[in-house]
Each structure stands twice: as structure tokens, then as C-alpha cells.
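Colleague: coords please:
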Amino acid sequence: MDLCKTEDIVPEDHVELWEDDLKVVIDAKSMLYLFGLELGYSNELIGGGFKFNNPNAEESCGCGTSFGI
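Modeller: Numbers count the residues shown, from 1 in each chain. Coordinates of the predicted model:
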């Protein structure tokens, strides 16, 4: 996951529009691995940050930030 500039978005990318004009951009190659992914965020002091729930993952780490397919 990384930040990108609007001019870096290409027509093949999948763009999700979220609240407050937030855009989530997924390149076509990654879309194959991320289909069905649920992305959440927690601002807890311990264990806070982005949380991924990927039904396609065959393995994942205990902290919920990485997975293997």
C-alpha cells in the first residue's frame, strides 16, 4: 500500500471513491489477489492501523497487516 498522485492513475486501474473524496486505487495486476478484500482502520494505541480481511488468503500474520496467497 502506498500513496499515489492523480496523474499516476491509468485507465486500467480500479478506483474506489470513499467518504471525504478519498480514492483507493488498485492496479489491474493486484486486483486478482485483492478481490473480496475488506479494509478497515483502527486508531487503537496498541494494534491500531489498517486491518486487512482477505477471504482469498491462505495464510496471514497475527497482526492482520500481511497475507499470503
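
Colleague: now the helices: where do they sit in the protein?
Modeller: The residue ranges that make up the helices of the chain, judged by DSSP state H, are 28-34.

Colleague: pLDDT below threshold where in the chain?
Modeller: Residues of the chain that meet the criterion pLDDT under 70 lie in 60-69.

Colleague: quick check, central residue of the chain?
Modeller: Using Cα atoms, centre = their mean, the residue of the chain that lies closest to the mean C-alpha position is Leu39, 5.8 Å off.

Colleague: in the sheet, who's paired with that one?
Modeller: When bridges are taken as DSSP bridges, the partners of Leu39 come out as Phe52.

Colleague: doesn't Lys51 make contact with it?
Modeller: Yes. The pair Leu39 / Lys51 is scored as a contact, 7.4 Å apart, by Cβ atoms under 8 Å. No exception for glycine: its C-beta is placed from N, CA and C like everyone else's.

Colleague: before we move on, back to that, show the contacting residues for the residue nearest to the centre of the chain.
Modeller: Contacts for Leu39 (Cβ atoms under 8 Å, 6 or more residues apart in numbering) come out as 24, 50-53.

Colleague: Val24 now?
Modeller: With Cβ under 8 Å, 6+ apart, Val24 has these contacts: 15-16, 18, 39.

Colleague: what do you get if the cut-off is 6 Å, keeping everything else the same?
Modeller: The contact partners of Val24, taken as Cβ atoms under 6 Å, 6 or more residues apart in numbering, are Glu16.

Colleague: what of Ile26?
Modeller: Ile26 sits next to 14, 34 when contact means Cβ under 6 Å, 6+ apart.

Colleague: and it, bridged to which residues?
Modeller: Note on Ile26: beta-bridge partners His14, judged by DSSP bridges.

Colleague: how near is the residue in the chain sticking out farthest from the centre to Val15?
Modeller: For the chain, the residue at maximal distance from the C-alpha centroid (Cα atoms, centre = their mean) is Leu45, at 21.2 Å. Leu45 is 32 Å from Val15, where distance means Cβ to Cβ, to the nearest Å.

Colleague: no further queries at this time; thank you.
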